[in-house]
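K.L.:
3D, please:
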Amino acid sequence: MNLAQRVLLNTSALTVGRLALAVSGLIGVAIATRYLGPDAYASLAIATVFISLTTLIADLGLYTIATREIVREPAEERRVLGNVLGLTLALTATATVVSLVAMVILYGGEDRDLVRIGIVVLLAQLLTVAPAGTAMAFLNAHQRALPLMTGAVAGSAVFLVVLVLARTLDWGFTGVAVAQAGGGVVGGLVPVAIARRSIRVRLGLDLALWRRLLATALPQGGVIILGSLYFRIDLLLLSFLSTDAEVALYGVAYKVVEVLSVLPLLFMFTLFPEIARAAPHSPRLAEIVQIAFTSLQLAALPLVVYFAVFAVPVIEVVGGPGFAGAAPVLRILMISVGLVFLNAVYFNALVALGRQKTLFLFLLAILAVNVPLNLVLVPLAGAEGAAISVTISEVAALILVTRIFGTVGRIPHPHRPVAALLATAAMAAASLAVVQLSGALGGLAVLALGGALGTLAYVGVLVALGAMPREVLDLVDTLRNGRAEPPPPDEPADPGGATADSAPAGPSLGQ
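P.N.:
Got it, this is the predicted structure:
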């Protein structure tokens, strides 16, 4: 199986899994917002972000490091996985204590009782972090994405079933939080059960190896923590600097953005082993990064147009009429989504090449831009101010990370920019025409018709101008004719290579 086919298989599996999480999450938001109302939904969104950051303490990049170690030293697989499991269990206990203390300090007031309930219920997800992440390291090293997809689908199903029961039987806020926690637990444990068919891991207590793994993981953990903090601090600052109503609007809009922002990570996930094997400044590295940049550039443009044009019906379907004010927030955030697609190429390539320390400093710089912007713009413009802060930060990130990548490899060029812009304009025109039918059609019908016609216009113009990437055409030809070219010879792995993924997460109703 060649690189293109492996990318297709793993990206398809991961996309299906993420699609299951996305669909369940969006359906869950539609149910929860209508059931809980803006204020209670805002509390759930805050609790979700709080727990997602807590989970990072238990993760700390260890699964990334475990994947790299397994790829390099297959004979040490069981020993590495066993000790990663033991170390992560210790970190999970620490994270739980830190989370509870921080909860009391930050959200101890009487008006934050729902936030505290949500945090305590969602802490159940930490029980699966260690086994799920260890299984993911094994599956990632062996490029097996199907178990992760299975876990995502199973977790999504459990989430929706419990959520519907909570709504039907009127279990209130706690019932909705239990549904989210239950889906996350199941989504994490299913890959564990599947991985156990291939390998059994015993708990490792090799303190010397723990110290080595921890020392190696800390730079990567710092990158992951700062990266996640950067993407979530806006909602936390909103919870202190603005009203719960603004938090709810931002949470609903960002739920859509969160789903879309994972797509480039899924694509880069499948390319990680190939990038890690390529040497800096090598032709092979340049080829892979160019393919990734071209693919994500052409994917980002239609997504930005679609969700910007159809922001009102999207929010109407996802949040209901009570969240109509989230549409302008979504439009602003979609600009940042397009930038995230491009940034993901550079960021994940640098992680695979072992430039974690550089990325740590990079994220500190971007966070230094993001936080002051939020402190100024959130009090002035609420949720829209937070969205503007994210977008400006992403522009700064793209400029800086491009320069950083230029020190290890050739900077990719935009693919046929004039043709891509013409195709984007054609899609925008088709989409705007469909918007005029909003009065006659329902929200879902408008979204479906707009997506179909917009996609046809976009792809049609690319094909007519001969701007479809060669790699895509070759892949289609290969699949149609059943040919499989042998993969090109691998180049030596850079000693710092690592994957960017962390432990799998379950369905979420929050940011």
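K.L.:
secondary structure element holding Asp234?
P.N.:
helix 207-241 (DSSP states H and E).
K.L.:
next helix or strand past that helix?
P.N.:
As assigned by DSSP H and E, the chain's next helix or strand after helix 207-241 is helix 244-277.
K.L.:
name the helices or strands packed onto that following helix?
P.N.:
Secondary-structure packing of helix 244-277 (3 or more Cβ pairs under 8 Å, 6 or more residues apart in numbering; DSSP states H and E): helix 3-59, helix 62-72, helix 207-241, helix 283-309, helix 311-318, helix 326-352, helix 356-405. C-betas here are computed from N, CA, C, even on glycine.
K.L.:
for the third one, packing partners?
P.N.:
Applying 3+ Cβ pairs under 8 Å, 6+ apart, we find helix 207-241 packed against helix 3-59, helix 62-72, helix 77-106, helix 244-277, helix 326-352, helix 356-405.
K.L.:
just put these in JSON lines and tack on mean pLDDT, mean neighbour count and distance to Val459.
P.N.:
Shown next, in JSON lines, are these (pLDDT from 0 to 100; neighbours: other Cβ atoms under 10 Å; distance: least, Cβ to Cβ, whole Å):
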{"stretch": "helix 3-59", "mean pLDDT": "78", "mean neighbour count": "22", "distance to Val459": "18"}
{"stretch": "helix 62-72", "mean pLDDT": "79", "mean neighbour count": "26", "distance to Val459": "35"}
{"stretch": "helix 77-106", "mean pLDDT": "91", "mean neighbour count": "18", "distance to Val459": "43"}
{"stretch": "helix 244-277", "mean pLDDT": "85", "mean neighbour count": "24", "distance to Val459": "17"}
{"stretch": "helix 326-352", "mean pLDDT": "93", "mean neighbour count": "24", "distance to Val459": "18"}
{"stretch": "helix 356-405", "mean pLDDT": "92", "mean neighbour count": "19", "distance to Val459": "26"}
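K.L.:
Ile194: which of the ones you listed is closest?
P.N.:
Ile194 lies closest to helix 3-59 among these, at 12.5 Å (Cβ to Cβ).
K.L.:
and the closest one, how far from the chain's centre?
P.N.:
Here the centre of helix 3-59 is set off from its chain's centre by 8 Å, with Cα atoms, centre = their mean, to the nearest Å.
K.L.:
what do you get for stretch 132-146?
P.N.:
Worked out by Cα atoms, centre = their mean, stretch 132-146 lies 17 Å from the chain centre.
K.L.:
pull out the buried residues from that stretch.
P.N.:
Within stretch 132-146, the residues scored as buried using 16 or more other Cβ atoms under 10 Å are 132-146.
K.L.:
of all these, which comes closest to Gly443?
P.N.:
When the buried residues of stretch 132-146 are compared for distance to Gly443 (Cβ to Cβ), Ala145 wins out at 32.6 Å.
K.L.:
just the pLDDT for the closest one.
P.N.:
On the pLDDT scale, Ala145 is placed at 68.
K.L.:
residue contacts, Gly319?
P.N.:
Val29, Ala30, Thr33, Val252, Ala326 (Cβ atoms under 8 Å, 6 or more residues apart in numbering).
K.L.:
hmm, I typed the wrong one, I wanted Leu296.
P.N.:
Contacts of Leu296 by Cβ under 8 Å, 6+ apart are Pro264, Phe267, Phe341, Leu342, Ala344, Val345.
K.L.:
can you show me the CA trace of stretch 156-174 as CSV?
P.N.:
Extracted C-alpha coordinates of stretch 156-174, given in CSV (Å, rounded to 0.1, in the frame of the first residue of the first chain):
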residue,chain,number,x,y,z
SER,A,156,-21.2,9.1,20.2
ALA,A,157,-24.0,6.5,20.3
VAL,A,158,-23.8,6.2,24.1
PHE,A,159,-23.7,10.0,24.4
LEU,A,160,-26.8,10.5,22.3
VAL,A,161,-28.8,7.7,24.0
VAL,A,162,-28.1,9.0,27.5
LEU,A,163,-28.7,12.6,26.4
VAL,A,164,-32.1,11.8,24.9
LEU,A,165,-33.0,9.9,28.1
ALA,A,166,-31.9,12.9,30.2
ARG,A,167,-34.1,15.1,28.2
THR,A,168,-37.1,12.8,28.1
LEU,A,169,-36.9,11.9,31.8
ASP,A,170,-36.0,15.5,32.8
TRP,A,171,-32.7,14.7,34.6
GLY,A,172,-31.7,18.3,34.3
PHE,A,173,-28.2,19.7,34.0
THR,A,174,-26.6,16.8,35.8
